[in-house]
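J.: A predicted structure for the sequence below; I have some questions about it.
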Amino acid sequence: MPPLCSRCGLRQAEVYQPQSGESLCRECFFEDITARVKQEVERWNMIEPGDVILLALSGGKDGYTLLDVMSRIYKSDKLIGLNIIEGIHGYNKEDDARYLVMTAKELGVDVVVTSIKEYIGLSVDEIMHKAKERSTRISACTYCGIARRRIMNYYARELGANKLATAHNLDDESQTAVINILRGDFESLLRQHPLAELVRDPMLVRRIKPLRKIYEWETATFTFLKGYHIQETECPYIYQLPTLRAKVRRELYKYESEHPGALLRFIESLDRMLEPIAAGIKPRSDLGRCVRCGEPTPSGKALCKLCELLEGIGVSSPLYSVRKLRARV
């Protein structure tokens, strides 16, 4: 017979948490995830009264967990969802987007569905076709990631949101931190801290990561037990031109399995070490504007990173540079 829940002692346990050593029933597991996200949000003052928050929702396990928990700890009418279709054959499904919109509506949140092609004029598949013709060694993840970040910021700004919540989980944060350490990139490592605001610009919306202390397996379990219809297909580009992240991910998973709770302790330690520095930063406000699209760009650079990447594959007039996309709920 399954053991009783370590928390309530009333219901049968369904989830074992290696990092805590506890066996939880589904109700206590849901409460645990919600409480930990709420604690992280309050600890770093991620949300202030009156904030309008754009939720970046991919349609996967992390996005559904973000949507569910945020609708419980904050006012649903102050939340807007955004789903970006990358345009990758066999990966994006219209049914997944429709289910996301329907589920969010039941939680009181409206979701805007857009695509990389609608913004740039090219899908990720079409971008990679051009990249292959040019024999570039830039991964699909780079093009896709930079395009998605641009689109999220654009929609947040246009829809009047003053916070942009992404669904990065503990695994994501740990991998990014290790990569930044290996590269000796202290600025990017510092940028991961919730208090750090290295740059302030009226065209950039402040980002928050409510799930940064939640394991990926926990978001997967959360959505499974909730019965959400998540996008399960893995992106086919992940196995092409393997990134440093893929290698770091493999080693961190192995270490975490041998030492449960290691990733959580790692990020907690980084938070404590970086907090005094992050809290004392005076943000720069010297960003320039891209000569092609008008979006923020590092001082002294003519082109923003997205325009620069696209120019490298022969795209000198992306759609966003020649017309304004209407963003509305």
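T.: All right, it came through fine.

J.: Now do the helices for the stretch 1-150 of the chain: every range, in order, please.
T.: In the stretch 1-150 of the chain, helices defined by DSSP state H, counting those that start in this stretch lie at 26-43, 61-73, 94-106, 116-120, 124-133, 140-158, listed in chain order.

J.: Dump those into CSV; add mean neighbour count, mean pLDDT and distance to residue 175 as well.
T.: From N, CA and C alone the C-beta is placed, and that goes for glycine too. Conversion of the helices of the stretch 1-150 of the chain to CSV gives the following (neighbours: other Cβ atoms under 10 Å; pLDDT from 0 to 100; distance: least, Cβ to Cβ, whole Å):
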stretch, mean neighbour count, mean pLDDT, distance to residue 175
helix 26-43, 17, 98, 18
helix 61-73, 23, 97, 14
helix 94-106, 16, 91, 25
helix 116-120, 20, 96, 23
helix 124-133, 18, 96, 21
helix 140-158, 20, 96, 12
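
J.: measure residue 299 to residue 185 for me?
T.: According to Cβ to Cβ, to the nearest Å, residue 299 stands 19 Å off from residue 185.

J.: higher neighbour count, the two?
T.: Just comparing residue 299 and residue 185: by other Cβ atoms under 10 Å the higher neighbour count belongs to residue 185, 12 against 9.

J.: Look up how far residue 192 lies from the more buried one.
T.: For residue 185, the distance to residue 192 (Cβ to Cβ) stands at 11 Å.

J.: Next: residue 19.
T.: The value you get for residue 19 to residue 192, if Cβ to Cβ is used, is 20 Å.

J.: Out of the two, name the residue with the larger neighbour count.
T.: Between residue 19 and residue 192, counting by other Cβ under 10 Å, residue 192 is the more crowded of the two (19 against 16).

J.: Mind pulling up the pLDDT for the more buried one?
T.: Turning to residue 192, the model gives it a pLDDT of 97.

J.: Likewise for residue 92?
T.: 68.

J.: Turn the helices of the stretch 1-150 of the chain into JSON lines, columns for distance to residue 250.
T.: Supplementary listing: the helices of the stretch 1-150 of the chain in JSON lines, determined by distance: least, Cβ to Cβ, whole Å:
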{"stretch": "helix 26-43", "distance to residue 250": "25"}
{"stretch": "helix 61-73", "distance to residue 250": "19"}
{"stretch": "helix 94-106", "distance to residue 250": "27"}
{"stretch": "helix 116-120", "distance to residue 250": "28"}
{"stretch": "helix 124-133", "distance to residue 250": "24"}
{"stretch": "helix 140-158", "distance to residue 250": "16"}
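
J.: Those helices: which one's closest to residue 319?
T.: The closest approach between residue 319 and any of the helices of the stretch 1-150 of the chain, judged by Cβ to Cβ, belongs to helix 116-120 at 5.9 Å.
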